[in-house]
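Student: 3D, please:
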Amino acid sequence: MFNRAVSRLSRKRPPSDIHGSDGSSSSSQQNPKSTAKWAASLEHLLEDPEGVKRFREFLKKEFSEENVLFWLACEDFKKTQDKKQMQEKAKEIYMTFLSSKASSQVNVEGQSRLNEKILEEPHPLMFQKLQDQIFNLMKYDSYSRFLKSDLFLKHKRTEEEEEDPPDAQTAAKRASRIYNT
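Tutor: Below is the predicted model of the structure:
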């Protein structure tokens, strides 16, 4: 009789475990943890605002935050439709990241640098080659170190603890304790 009760308890889950209060499926069963997504690829990390925030924190400590800032500025630039706004953004990107006097200069190959004249006739993909270089630099250098960093691992542990609190018990364990006392 005890075994049947434990078996029944462990099979049945309260509706709150299956659906959230709004009736939708619970996020832990629907979506992988954010750190799992971030670890899947740099692309996934850069699609998640929280991932970008954590990666920026890490890059700041490594003195290379300008790489992700440049990449983000290029992404924003590609979405710009207005020609005048595109010129302004192109000049801002150039002055901030690419000119020899840039405050946050990115490390791109010398022959890839842009001439200031190109800024007069900007187009959405004018920074693409440079953006790809910086993306690959981050992907094969900073990103792998980020995944091993204390910052990432601490966030991952926090996520796991929130999902599986140490004092959480399965129904079977609770029933077992009740019947064995």
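Student: okay, now the nearest residue to residue 147 once chain neighbours are set aside: neighbour count?
Tutor: Nearest residue to residue 147 in three dimensions, chain neighbours excluded: residue 39, at 5.7 Å (Cβ to Cβ, 6 or more residues apart in numbering). Any C-beta I mention is one placed from the backbone N, CA and C, and that applies to glycine too. Residue 39 has 17 neighbouring residues, counting by other Cβ atoms under 10 Å.
Student: do you know how far residue 39 is from residue 116?
Tutor: For residue 39, the distance to residue 116 equals 40 Å [Cβ to Cβ, to the nearest Å].
Student: thinking again about what came up before, distance of the residue nearest to residue 147 from residue 148?
Tutor: 10 Å.
Student: now do the phi/psi pair for residue 73.
Tutor: Main-chain dihedrals, residue 73, degrees, to the nearest 10: phi -60, psi -40.
Student: now do the contacts for the closest residue to residue 116 other than its chain neighbours.
Tutor: Among residues not flanking residue 116 along the chain, residue 94 sits closest, at 6.8 Å (Cβ to Cβ, 6+ apart). Shown in contact with residue 94 (Cβ atoms under 8 Å, 6 or more residues apart in numbering): 102, 114, 116, 119.
Student: other residues contacting the helix or strand harbouring residue 132?
Tutor: Using DSSP states H and E, residue 132 maps to helix 128-137. Defining contact as Cβ under 8 Å, 6+ apart, one finds that helix 128-137 is touched by 42, 67, 70-71, 74-75, 98, 106-109, 112, 114.
Student: any idea of the pLDDT on residue 33?
Tutor: As predicted, residue 33 sits at a pLDDT of 82.
Student: verify the contact between it and residue 162 for me.
Tutor: No: contact between residue 33 and residue 162 fails when scored by Cβ atoms under 8 Å: they sit 9.2 Å apart.
Student: in PDB, list the C-alpha atoms belonging to the helix or strand containing residue 46.
Tutor: Using DSSP H and E, residue 46 falls within helix 42-47. Extracted C-alpha coordinates of helix 42-47, given in PDB (Å, rounded to 0.1, in the frame of the first residue of the first chain):
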ATOM      1  CA  LEU A  42      28.100  33.400 -29.500                       C
ATOM      2  CA  GLU A  43      25.200  34.200 -31.900                       C
ATOM      3  CA  HIS A  44      22.700  33.000 -29.200                       C
ATOM      4  CA  LEU A  45      24.500  35.000 -26.500                       C
ATOM      5  CA  LEU A  46      24.400  38.200 -28.700                       C
ATOM      6  CA  GLU A  47      20.700  37.700 -29.300                       C
END
